[in-house]
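1. Got a predicted model here, sequence first, then my questions.
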Amino acid sequence: PKPNFVGVLETVCSSCSKELEKDAIKRCGQCKKRIYCSRECQANDWKNGHKKECKLMLQQDADTDVTGHANSGILGSEKKKLKLQKQTVQVLT
């Protein structure tokens, strides 16, 4: 099944393709991009490949800012700071 964007393209369950009313939509709890008609459909989709897709989407979102640019600047410097802090703690202990 293809990803669904509520209000943009269509409102069908990502697992069974059932048409959904906007007030009956359930979303993936992690990526918020896939929609479902029931907990069972969500669990089936998770087992049938969304688990891997979801992790990739979350990683891509983390690597990209809202403008679509890579987050190497701020996130990269934060990672360097954390690494230095860990090294400092190791040296001091």
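-> Yes, it's here.
2. For Asp45, see how far away Lys26 is.
-> Counting by Cβ to Cβ, to the nearest Å, the gap between Lys26 and Asp45 amounts to 11 Å. Using the backbone N, CA and C atoms, a C-beta is placed for each residue, glycine as well.
3. okay, these two: which has more neighbours?
-> More neighbours sit around Asp45 than around the other of Lys26 and Asp45, counting by other Cβ atoms under 10 Å; the figures are 22 against 15.
4. What ranges in this protein fall below the confidence cut-off?
-> Low-confidence segments of the chain, defined by pLDDT under 70, span residues 1-10, 64-93.
5. Tell me where it has helices.
-> Counting by DSSP state H, the chain forms helices over residues 39-45, 51-63, 74-92, given from the N-terminal end onward.
6. May I see the buried residues of the shortest one?
-> The neighbour-count check on helix 39-45 (16 or more other Cβ atoms under 10 Å) flags Cys41, Gln42, Asp45 as buried.
7. just the residues you listed now: which is nearest Lys33?
-> If you rank the buried residues of helix 39-45 by distance to Lys33 using Cβ to Cβ, Asp45 comes first, at 11.6 Å.
8. I'd like to check which residues are in contact with the closest residue to the closest one other than its chain neighbours.
-> Closest residue to Asp45 apart from its sequence neighbours, by Cβ to Cβ, 6 or more residues apart in numbering: Ser15 at 4.2 Å. With Cβ atoms under 8 Å, 6 or more residues apart in numbering as the criterion, the residues that contact Ser15 are Pro1, Tyr36, Cys37, Cys41, Gln42, Asn44, Asp45, Asn48.
9. got CSV for those, with distance to Glu19 too?
-> As requested, the contacts of Ser15 are arranged in CSV below (distance: Cβ to Cβ, whole Å):
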residue, distance to Glu19
Pro1, 14
Tyr36, 13
Cys37, 9
Cys41, 13
Gln42, 17
Asn44, 18
Asp45, 17
Asn48, 20
